[in-house]
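Participant: dropping a prediction and its sequence here:
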Amino acid sequence: MSGSAGQRLVPIVHHWRRSPTWLSWAFGETFGCLTGRNDVTRKRNTAFTMVELLVVIGIVAVLVSLMLPALKRARDSVKRTVCMNNLHQIELGVEAGARIGVRHDRRGGPGDGIWQCPADTFYPSYLLPGANPPFQYVRRSLYCEPDADISSYAFDSLPKAIINNPSRTVLVAEASAFAPWSWHSPSNWLIFSDAWNLVCFRDGHVKWTRTFWDGTSLPRGIPPPKPESDPPPSYDYQWSGK
């Protein structure tokens with residue numbers, strides 16, 4: 001290439017570096033023709049190799065494995081929030097009925113979502129009438145059982161007149177709190193202490209709290225009956241109104 005031609009090419013190159021995309025493409029095509037590089041060569045050089053493809057697949061798999069636990073926690077949190085709202089609504093209905101002297105209906109109806117906990121998908125078989133060991137989890141909603149009053153929740157039947165500590169006394173809770181087991185933090189054990197459940201108290205607040213099992217009694221019946229005694233003082237609730 002002569003000196004004059006090289007001098008003319010320099011400003012073109014500088015202009016191409018600042019030029020729009022279509023000019024960059026045009027210069028690249030021209031330079032490819034001058035150097036003998038064709039489309040087949042460029043495609044071969046830009047294709048993924050097997051190693052690169054495996055690396056990409058591995059990175060995607062790692063990202064998915066990191067995201068799945070977070071998605072599960074978010075889904076579980078939504079279920080607890082819905083259940084907490086259900087308990088709030090039930091408590092408001094009970095209090096509204098008490099103010100006008102009407103007993104609130106403590107059972108749900110088919111399709112009445114307020115009485116169904118979204119996490120209610122199983123229950124222990126020892127609650128079934130006539131059930132014998134070995135017990136296991138029944139993979140069915142307690143809400144759908146005829147003896148459960150079409151409800152995932154159960155009430156403490158203590159009269160309001162004898163309650164001295166409403167902020168610790170249970171009004172209504174998930175049925176799993178009475179046994180206890182846990183719908184939100186399940187275990188392989190059919191009944192166990194420190195099972196986490198949602199409880200609505202007599203003063204109207206709802207709390208995510210540990211529930212106690214004395215290690216000996218085995219509740220029978222749907223919904224589970226209220227335990228006969230209060231848990232130790234380290235727990236945040238009580239059945240009696242003392």
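Facilitator: Ah, there it is. Numbers count the residues shown, from 1 in each chain.
Participant: so what's Pro231 up against?
Facilitator: Shown in contact with Pro231 (CB atoms under 8 Å, 6 or more residues apart in numbering): Thr211, Phe212, Tyr237, Gln238. Yep, even glycine has a C-beta here, placed from its N, CA and C like the rest.
Participant: also Pro166?
Facilitator: Pro166 makes contact with Phe201, Arg202, Asp203, Gly241, according to CB under 8 Å, 6+ apart.
Participant: would you verify that it is located in a strand?
Facilitator: No: counting by DSSP: H, G, I helix; E, B strand; the rest coil, Pro166 falls outside a strand, being coil.
Participant: quick one, grab the pLDDT at it.
Facilitator: Per-residue confidence (pLDDT) for Pro166: 91.
Participant: and for Ser2?
Facilitator: 51.
Participant: thinking again about what came up before, just give me the closest of the contacts of Pro231 to Pro129.
Facilitator: Nearest to Pro129 out of the contacts of Pro231 is Thr211 (CB to CB; 23.5 Å).
Participant: so the most centrally placed residue in the chain, which of the three states?
Facilitator: Closest to where the C-alpha atoms of the chain average out (CA atoms, centre = their mean) is Asp76, at 1.2 Å. Here Asp76 is recorded as helix under three-state DSSP.
Participant: quick one, what contacts it?
Facilitator: Counting by CB under 8 Å, 6+ apart, Asp76 touches Ala119, His184.
Participant: include neighbour count and pLDDT when you put the contacts of Pro166 into CSV, please.
Facilitator: Converted to CSV, those look like this (neighbours: other CB atoms under 10 Å; pLDDT from 0 to 100):
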residue, neighbour count, pLDDT
Phe201, 24, 95
Arg202, 21, 92
Asp203, 13, 92
Gly241, 18, 77
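Participant: sorry, back to before: most neighbours of all the contacts of Pro231, which one?
Facilitator: Thr211 (26 neighbours; other CB atoms under 10 Å).
Participant: give me every residue that touches that one.
Facilitator: By CB under 8 Å, 6+ apart, the contact set of Thr211 is 176-177, 180, 182, 193-197, 199, 231, 235, 237.
Participant: in PyMOL, select just the buried ones from those residues.
Facilitator: To isolate the buried ones among the contacts of Thr211 in PyMOL, judged by 16 or more other CB atoms under 10 Å, type:
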select buried, resi 176+177+180+182+195+196+197+199+231+237
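Participant: any chance of the contacts of Thr211 in JSON lines, with pLDDT and distance to Arg140 too?
Facilitator: Listed next are these as JSON lines, based on pLDDT from 0 to 100; distance: CB to CB, whole Å:
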{"residue": "Ser176", "pLDDT": "94", "distance to Arg140": "14"}
{"residue": "Ala177", "pLDDT": "95", "distance to Arg140": "19"}
{"residue": "Pro180", "pLDDT": "93", "distance to Arg140": "19"}
{"residue": "Ser182", "pLDDT": "96", "distance to Arg140": "17"}
{"residue": "Ser193", "pLDDT": "93", "distance to Arg140": "25"}
{"residue": "Asp194", "pLDDT": "95", "distance to Arg140": "25"}
{"residue": "Ala195", "pLDDT": "96", "distance to Arg140": "19"}
{"residue": "Trp196", "pLDDT": "96", "distance to Arg140": "22"}
{"residue": "Asn197", "pLDDT": "97", "distance to Arg140": "19"}
{"residue": "Val199", "pLDDT": "96", "distance to Arg140": "24"}
{"residue": "Pro231", "pLDDT": "94", "distance to Arg140": "29"}
{"residue": "Tyr235", "pLDDT": "96", "distance to Arg140": "29"}
{"residue": "Tyr237", "pLDDT": "95", "distance to Arg140": "28"}
